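A.B. asks: Any chance you could fold what I've pasted below:
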Amino acid sequence: MAGRQARAVPCKDCRAIMKVLLLKDAKEDDCGQDPYIRELGLYGLEATLIPVLSFEFLSLPSFSEKLSHPEGYGGLIFTSPRAVEAVELCLEKDNKTEVWKHSLREKWNAKSVYVVGNATASLVNKIGLDTEGANSGNAEKLAEYICSRESPALPLLFPCGTVKGEILPKMLKDRGIPMESITVYQKIPHPGIQVNLNSYYSKQGVPASITFFSPSGLMYSLKHIQELSGDSIDRIKFAAIGPSTARALTAQGLRVSCMAESPTPLALAKGLQVALQAPSC
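C.D. replies: Next up, the predicted model:
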């Protein structure tokens, strides 16, 4: 495809395929494979995914009402795929899919729709909204991007989780940019964390690296990882998606060997390659 950066393909002669553990749920793309597994494979890394989070959705009737009145807002902010799922649930439960297609979507598209990361942007695009700021990489950089734009007179609607970073709301408040947040989901531990980690360690052994995708994921899984790894935990290269997760790792006394420059498979693959000194075959 024109314009795409060429990828190195893994060779059959790679003598030491490093095993890495990603604490996230699988998300198949158009090719039927999780993009993280594919991208890390191109860098000579054998990735296994273990989900550590489940989600419960909250306040959907209230959120649905707000989505029905775009005239009251200056735009939308999405910092997680789960917030976009909340929109989809609202449309399905309230039979608003048709009115969304015929009028609401167009009205929201007349405003700014800010997002963090390409994964979230892709989901927002699928519900018919154009996005801005996807390449910002994290909430802090997105806040900087929003602050660089013309300040809206109406508040930006920010659907978020119960545990949200305070950097973005504070930066917008300090710049006088109005924002209205609504909590639409909460994170809970995945019921299979311990069983799945036990199975992985018994079959694969201690991984060369473990990547955490959120502070919550770290909180729910670290105890099990410490118990299973024992003295070998010092050999594990810990990686983080985003600065807030990196700070959470440091707060637990763990060394962050890699922080992905952006929440993308390619950024993580490059970071892990350097951290593990794994040759690209």
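A.B. asks: Would you mind listing where the stretch 151-281 of the chain has pLDDT under the threshold?
C.D. replies: 278-281 (pLDDT under 70).
A.B. asks: As a check, name the ranges of all strands in it.
C.D. replies: 156-161, 179-189, 209-212, 237-241, 256-260 (DSSP state E, counting those that start in this stretch).
A.B. asks: Was I right to think residue 161 contacts residue 181?
C.D. replies: No - using Cβ atoms under 8 Å, residue 161 makes no contact with residue 181, being 10.2 Å away. Glycine gets a C-beta too; all of them are placed from N, C-alpha and C.
A.B. asks: neighbour-wise, which of the two wins?
C.D. replies: Taking other Cβ atoms under 10 Å, residue 161 and residue 181 do not tie; residue 161 has more neighbours (20 against 15).
A.B. asks: For the closest residue in space to the more buried one that isn't next to it in sequence, the count of nearby residues, please.
C.D. replies: Nearest residue to residue 161, sequence neighbours excluded (Cβ to Cβ, 6 or more residues apart in numbering): residue 185, at 5.1 Å. Residue 185 sits with 21 neighbouring residues when counted by other Cβ under 10 Å.
A.B. asks: beta partners for residue 185?
C.D. replies: Residue 185 forms beta bridges with residue 57, residue 161, as assigned by DSSP bridges.
A.B. asks: do you know which of the strands of the stretch 151-281 of the chain lies nearest residue 170?
C.D. replies: Between residue 170 and the strands of the stretch 151-281 of the chain, the shortest separation by Cβ to Cβ is 10.3 Å, and it involves strand 179-189.
A.B. asks: Stretch 244-253: which residues count as buried?
C.D. replies: Applying a neighbour-count criterion of 16 or more other Cβ atoms under 10 Å, one finds 244-246, 248-249 buried in stretch 244-253.
A.B. asks: Pull the contacting residues for the residue nearest to residue 219 when sequence neighbours are not counted.
C.D. replies: With Cβ to Cβ, 6+ apart as the criterion, residue 219 has its nearest non-adjacent residue at 7.5 Å, and that residue is residue 248. By Cβ atoms under 8 Å, 6 or more residues apart in numbering, residue 248 lies in contact with 212, 215, 218-219, 240.
A.B. asks: correct me, but residue 178 touches residue 157?
C.D. replies: No - between residue 178 and residue 157 there is no contact under Cβ under 8 Å: 10.3 Å.
A.B. asks: Who has more neighbours out of these two?
C.D. replies: Neighbour comparison, residue 178 and residue 157: the larger count goes to residue 157, with 24 against 14 (by other Cβ under 10 Å).
A.B. asks: Could I get the contacting residues of the more buried one?
C.D. replies: 66, 73, 75-77, 180, 182 are the contacts of residue 157 under Cβ under 8 Å, 6+ apart.
A.B. asks: now those in CSV, with distance to residue 83 and secondary structure?
C.D. replies: Listed next are the contacts of residue 157 as CSV, based on distance: Cβ to Cβ, whole Å; DSSP: H, G, I helix; E, B strand; the rest coil:
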residue, distance to residue 83, secondary structure
66, 13, helix
73, 15, coil
75, 14, strand
76, 9, strand
77, 9, strand
180, 14, strand
182, 9, strand
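A.B. asks: What lies in contact with the longest helix seen in the chain?
C.D. replies: Longest helix in the chain, counting residues (DSSP state H): helix 215-229. Defining contact as Cβ under 8 Å, 6+ apart, one finds that helix 215-229 is touched by 23-24, 52-53, 163, 187, 189-190, 193-194, 197-198, 201, 206, 210, 212, 233, 236, 244-245, 247-249, 252.
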